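> need coordinates for the following:
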Amino acid sequence: MNTVDRINRDTADQMRRIGEAAKSASRRLGVATSEEKNNALLAAAKALRESTPKILEANAKDIEAAKAAGRPSAFVDRLLLNEKRVEGIAKGLEEIAALPDPVGTVLAEWDRPNGLKFQRVRVPLGTVGIIYESRPNVTADAGALSLKAGNASILRGGSESHHSSVAIHAALAAGLKAAGLPEAAIQLVPTTDREAVGLMLRGLDGAVDVIVPRGGKSLVQRVQDEARVPVFAHLEGICHTYVDQGADLKIAVPLVVNAKMRRTGICGATECLLIDKNSRADLATPLISALLDAGCEVRGDEAAQKVDARVKAATEADYGKEFLEAIIAVKSVDGVDGAIEHIARYGSQHTDAIITECEGTAERFLNRVDSAIVLVNASTQFADGGEFGFGGEIGIATGKMHARGPVGVEQLTSFKYKVRGTGQTRPV
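Prediction:
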């Protein structure tokens, strides 16, 4: 047996054991009490805080490797942890613990004329496989949300964040142990072998019930192409902000800068600014100038280039591109309908926003833009489960089946029907 075959066999054996342990743990979690799950999350938050020095030490190794590999600054920012971010992760666990437990919630109930009583009740999905890249915080978010929803989880982080993810996972395992729940309820795949991803996508012999990818286009495309189990996924975060002729500049300028520049490497960052060509002449100038002054490269159409000599000519490829860095495409459109048409052509059904003072225009945009998240007079950077009050998210789903938008606790459940009778038989 050559070395490659041996490694593949070892990975397959390892992943099979992980799947079996997750399936066993999911049965225990499915009947775990709210108190047990919350105790695990609170204990994990405590362990995270106590482990902050170890987590930052591990993260420093990942950061050093990323810089040595020449990774762009936006990538490094997604990877970076500091005391504030670790504290944010810990608070996120506490917020998830404070959420209502969805498991067992009665969604609907009714009686039939024959006396049968029906209930539709929330239940866990089972085992959730999460495949992600450079964000170490996803280790905590994904594990905690799955746990709260009564699911076991198998986490496969990217090699770039491996040291950080291992350190964070240790705190989650400590929380599970403290609460008397199986540590296999949240497992981190210990190998960076890409074969592990393929095995998860094939379902680990029925152990995995759903896959959630979180990362770049190539990762998500591979998951969608190869998965043999259901997938909650978004392909790209090609987000737009449209500034209508009725916009208030005092709102529009800081909002546009925030939507692009607050954090350029997240999926909710605005990648394309659309400006109503029917607006007053002074609308585009402060918007574009503010972006340029904030250090953003602006690639625009002819109208945008006339505003400021620093604007570079946009190509067709710039519209519909997820830059994930301090670059934005700008285009003039013919009113709100022109913006809706542009978004339908170039967008990814992720998050799109309008800035306007006209209520009718806002409603038209809200109703006609077919994206998972549509905002009025608010930054696209609010595309985050924590900002929705979900306590966190595994990702933003842009599909239309089961989950759409931030994938939080409720989206990680399914339902079943409970039917109670008194001896009814169905007539021939």
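
> what strand or helix carries A171?
helix 162-178 (DSSP states H and E).

> actually I275, not the one I wrote
strand 270-276.

> now whichever helix or strand comes after that strand: average pLDDT?
In the C-terminal direction, the helix or strand that comes right after strand 270-276 (DSSP H and E) is helix 284-293. The average pLDDT for helix 284-293 rounds to 96.

> for helix 284-293, which helices and strands make contact with it?
helix 249-261, strand 270-276, strand 297-300, helix 302-307, strand 327-333 (3 or more C-beta pairs under 8 Å, 6 or more residues apart in numbering; DSSP states H and E). C-beta here means a position set from N, CA and C on the backbone, and glycine is covered the same way.

> how far is it from where the chain is centred?
30 Å (C-alpha atoms, centre = their mean, to the nearest Å).

> try stretch 78-90
Taking the mean of its C-alpha atoms, stretch 78-90 sits 17 Å from the chain's own mean (C-alpha atoms, centre = their mean).

> export that stretch as PDB, just CAs?
Output of stretch 78-90 as PDB, limited to C-alpha atoms (Å, rounded to 0.1, in the frame of the first residue of the first chain):
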ATOM      1  CA  ARG A  78     -11.100  37.400   9.200                       C
ATOM      2  CA  LEU A  79      -8.600  35.100  10.800                       C
ATOM      3  CA  LEU A  80      -7.500  37.500  13.600                       C
ATOM      4  CA  LEU A  81      -8.500  37.000  17.200                       C
ATOM      5  CA  ASN A  82      -7.800  39.400  20.100                       C
ATOM      6  CA  GLU A  83      -9.100  39.700  23.600                       C
ATOM      7  CA  LYS A  84     -12.100  41.800  22.400                       C
ATOM      8  CA  ARG A  85     -13.100  39.200  19.800                       C
ATOM      9  CA  VAL A  86     -12.600  36.200  22.200                       C
ATOM     10  CA  GLU A  87     -14.900  38.000  24.700                       C
ATOM     11  CA  GLY A  88     -17.400  38.500  21.900                       C
ATOM     12  CA  ILE A  89     -17.300  34.800  21.200                       C
ATOM     13  CA  ALA A  90     -17.900  34.100  24.900                       C
END
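
> in it, what's buried?
By 16 or more other C-beta atoms under 10 Å, the buried positions in stretch 78-90 come out as 78-81, 86, 89-90.

> what do you get for stretch 395-413?
Neighbour count says stretch 395-413 has 395-399, 403-413 buried, by 16+ other C-beta under 10 Å.

> let me see the mean pLDDT of that stretch.
On average, stretch 395-413 scores 84.

> stretch 328-346 now?
Averaging pLDDT along stretch 328-346 gives 97.

> what's the helix or strand hosting K37 packed up against?
Using DSSP H and E, the element containing K37 is helix 34-50. Counting contacts by 3+ C-beta pairs under 8 Å, 6+ apart, helix 34-50 packs against helix 83-98, helix 137-148, helix 162-178.

> please state the offset of that helix from the chain centre?
Offset of helix 34-50 from its chain centre (C-alpha atoms, centre = their mean): 22 Å.

> measure the closest residue in space to F388 that isn't next to it in sequence to R214 for me?
Spatial nearest neighbour of F388, excluding adjacent residues (C-beta to C-beta, 6 or more residues apart in numbering): P406 at 5.2 Å. Look at P406 and R214: by C-beta to C-beta, to the nearest Å, they are 12 Å apart.

> list residues touching both of the two?
Contact criterion C-beta atoms under 8 Å, 6 or more residues apart in numbering; residues shared by P406 and R214: G395.

> show me the shaky parts of the chain.
1-7, 235 (pLDDT under 70).

> could you list the domains of it?
3-232+407-419, 239-382 (automatic domain parsing).

> now distance to F388 too, for the ones you listed, in CSV please.
Shown next, in CSV, are the domains of the chain (distance: least, C-beta to C-beta, whole Å):
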stretch, distance to F388
domain 3-232+407-419, 7
domain 239-382, 8
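
> hmm, back to that, tell me which of the helices and strands packed on helix 284-293 sits most buried.
Sort those by mean neighbour count, taking mean count of other C-beta atoms under 10 Å, and strand 270-276 sits at the top with a mean of 27.

> part of a helix, is G206?
No. Applying DSSP: H, G, I helix; E, B strand; the rest coil, one finds G206 to be coil, outside a helix.

> how many residues are close by it?
12 (other C-beta atoms under 10 Å).

> quick one: residues contacting it.
G206 touches K23, counting by C-beta under 8 Å, 6+ apart.

> next one: K277
K277 neighbours (C-beta under 8 Å, 6+ apart): 303, 332-335, 338.

> state the pair within those residues that is farthest apart.
A303 and G335 (14.3 Å; C-beta to C-beta).

> nearest to A309, of the buried residues of stretch 78-90?
Using C-beta to C-beta, these come closest to A309 at R78, 32.3 Å.

> how near is the closest one to G265?
For R78, the distance to G265 - C-beta to C-beta - is 5 Å.

> now stretch 58-70: buried residues?
In stretch 58-70, counting by 16+ other C-beta under 10 Å, buried: 58-59, 62-63, 65-66.

> what does stretch 373-386 give?
So, applying 16+ other C-beta under 10 Å, buried residues of stretch 373-386: 373-375, 378-386.

> with secondary structure and distance to T425 as extra columns, can I get these in JSON lines?
Below are those laid out as JSON lines (DSSP: H, G, I helix; E, B strand; the rest coil; distance: C-beta to C-beta, whole Å):
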{"residue": "I373", "secondary structure": "strand", "distance to T425": "49"}
{"residue": "V374", "secondary structure": "strand", "distance to T425": "50"}
{"residue": "L375", "secondary structure": "strand", "distance to T425": "54"}
{"residue": "A378", "secondary structure": "coil", "distance to T425": "57"}
{"residue": "S379", "secondary structure": "coil", "distance to T425": "59"}
{"residue": "T380", "secondary structure": "helix", "distance to T425": "57"}
{"residue": "Q381", "secondary structure": "helix", "distance to T425": "58"}
{"residue": "F382", "secondary structure": "helix", "distance to T425": "54"}
{"residue": "A383", "secondary structure": "coil", "distance to T425": "52"}
{"residue": "D384", "secondary structure": "coil", "distance to T425": "52"}
{"residue": "G385", "secondary structure": "coil", "distance to T425": "47"}
{"residue": "G386", "secondary structure": "coil", "distance to T425": "51"}
